[in-house]
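[1] Quick one, fold the following:
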Amino acid sequence: RALKSREKAEQQAEETYRKAKEQAKRAYDESVRRNLEARKESIEQAWAVRTEAIDHAWKFFSKDKK
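    Numbers count the residues shown, from 1 in each chain. Here you go, the predicted model:
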C-alpha cells in the first residue's frame, strides 16, 4: 500500500514537473517572439529615418548643383 501511494506521488510529481517545464518553455518562446518583434520594429524605424535623411540630403545637394 505504501509502495502504491509512493508511485502515485512520483507520477504526480513527474506530471507537475512536465507541466511546469512546458509552461516555462511557452513563456520563454513568447518572450523571444516579443523581443524579436520589438527588434524588427526598431530596425524598421531606424531604416525609415535613414531613408528620410538620405532623401532629404539628396534633395538638398541636388538643389546646389542647379
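
[2] tell me the mean pLDDT over the helix or strand harbouring Ala48?
    In this structure, Ala48 sits in helix 2-65 according to DSSP states H and E. Averaged over helix 2-65, pLDDT sits at 94.

[3] can you count the residues close to Ala53?
    Neighbourhood size, Ala53 [other C-beta atoms under 10 Å]: 10. Placement of C-beta: from N, CA and C, glycine included.

[4] err, Lys63, not the other one
    Neighbour tally, Lys63, other C-beta under 10 Å: 8.

[5] same question, Glu44
    When counting by other C-beta under 10 Å, one arrives at 10 neighbours for Glu44.

[6] now do the one 5 residues further on
    If you count neighbours by other C-beta under 10 Å, Val49 ends up with 10.

[7] can you check Lys19 too?
    10.

[8] for Glu52, same thing?
    Glu52 has 10 nearby residues by other C-beta under 10 Å.

[9] for Leu36, same thing?
    Per other C-beta under 10 Å, the neighbour tally for Leu36 reads 10.
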